[in-house]
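# generate coordinates for the sequence data below:
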Amino acid sequence: MTGNRDTLDLVLVTGMSGAGRSTALAVLEDLGFEAVDNLPLTFLARLAQSIREDRHAAPIAIGVDIRSRDFGVGTLQVEIDKLKNADGLRITTVFLDCDDDELLRRFTETRRRHPLAADRPVADGIRLERRAIAPLAERADMMVDTTGLTVWEFKQRMTSLFGGGAAVGAAITVMSFSYRRGVPREADMVLDVRFLKNPHYDPALRDLTGLDPAVGEAIAADPDCAGFLQDLQTLLARVLPRQETEGKSYLTIAFGCTGGKHRSVYMAERLALWLTDQGRAAYRFHRDMPKPDAGKANRDGLEKDSA
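Got it, this is the predicted structure:
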């Protein structure tokens, strides 16, 4: 990746404490970025200037959060605007988020103090931080929600977005989810497929998932399935090029059903295959599909590393 200036110059990683910033920076470093954590904001402009002066250097990933020296939401937004307006500098901002309950569990299990909690309960620190940095979430180029992710899944998510040379262009994530667990925070487009016949009510299919051929055949047999997919493909064929023209580099399309196990998984897989046939890279992520118990160790590792 070094020397290729069709790629990103700088990735700024911020978000909630405990959401996985250090893990994200480690992945970016493995992908060829030079990683710098907790850089004082006053050094951002100087670093950007060095990037512009050396077009053959590796791109840089910077971690910034409330623990960074001279951190301030307003100050950081001003610095980001300056960087984005700098001639010839390609920058993207990533906001890492996580459900409050899981953040509380991570801090409690690792016995680490929340930077805003001081002598108060950890939950108070989480609430204060979320309120303080909400403007950063609203203005970030992309959001990654690490709730429930194993280390492997989180690394795969980051690699899908910044791997392959971190080429600038639409990085598409197609995901499935369960409405019982809420709509994904990072979703740009949400598609409700609960109108399709539910395989859950077929005893032979109940314990399978949308990845199993028998489930796929049952969903595809629904008379409205093919038409829905065709309409969606027609819409995306028109929308995706325009979004890229407008500079949107990341897109998350989320399919939701009741349990996040059958219909949403199958539809996400079908759309991802179509996108691949169109010459686009599509990362698949099934948020609420049952995971093997072996994932617990990986999940614990993310909790210990991300605070």
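
# Arg284 contacts Leu271, correct?
No: if you go by C-beta atoms under 8 Å, Arg284 and Leu271 don't touch, sitting 9.3 Å apart. Yep, even glycine has a C-beta here, placed from its N, CA and C like the rest.

# who touches both of these two?
Val174 (C-beta atoms under 8 Å, 6 or more residues apart in numbering).

# where do the helices sit along this structure?
In the chain, the segments counted as helices under DSSP state H are 21-30, 44-53, 73-85, 100-110, 122-139, 151-162, 213-220, 225-245, 263-277, 295-306.

# for Asp288, find the nearest of those.
Nearest of the helices of the chain to Asp288, taken as C-beta to C-beta: helix 263-277 at 8.2 Å.

# can you list the buried residues in the closest one?
Buried residues in helix 263-277, defined by neighbour count with 16 or more other C-beta atoms under 10 Å: Arg263, Ser264, Val265, Tyr266, Met267, Ala268, Glu269, Arg270, Leu271, Ala272, Trp274, Leu275.

# what does stretch 106-114 give?
Neighbour-count burial for stretch 106-114 [16+ other C-beta under 10 Å]: Arg106, Phe107, Arg112, His114.

# outside of stretch 68-87, which residues touch it?
10, 12, 14, 38-42, 44-45, 48, 52, 64-65, 89, 91, 93, 132-133, 135-136, 139.

# narrow those to those that are buried.
The buried subset of the contacts of stretch 68-87 - by 16+ other C-beta under 10 Å - is 10, 12, 14, 39, 41, 44, 48, 64-65, 89, 91, 93, 133, 136.

# now, the most widely separated pair of those?
Greatest spatial distance in those: Leu89 and Ile133, 23.5 Å, computed using C-beta to C-beta.

# look up how far Leu161 lies from Gly256.
According to C-beta to C-beta, to the nearest Å, Gly256 stands 22 Å off from Leu161.

# now swap in Pro59 and tell me
For Pro59, the distance to Leu161 (C-beta to C-beta) stands at 13 Å.

# any regions of the protein where pLDDT drops low?
Along the chain, the model assigns pLDDT under 70 to residues 1-8, 55, 69, 87-88, 164-170, 247, 292-307.

# distance check, the residue nearest in space to the middle of it against Ser264.
Central residue of the chain (C-alpha atoms, centre = their mean): Val144, 2.6 Å from the mean position. Distance, Val144 to Ser264, by C-beta to C-beta: 19 Å.
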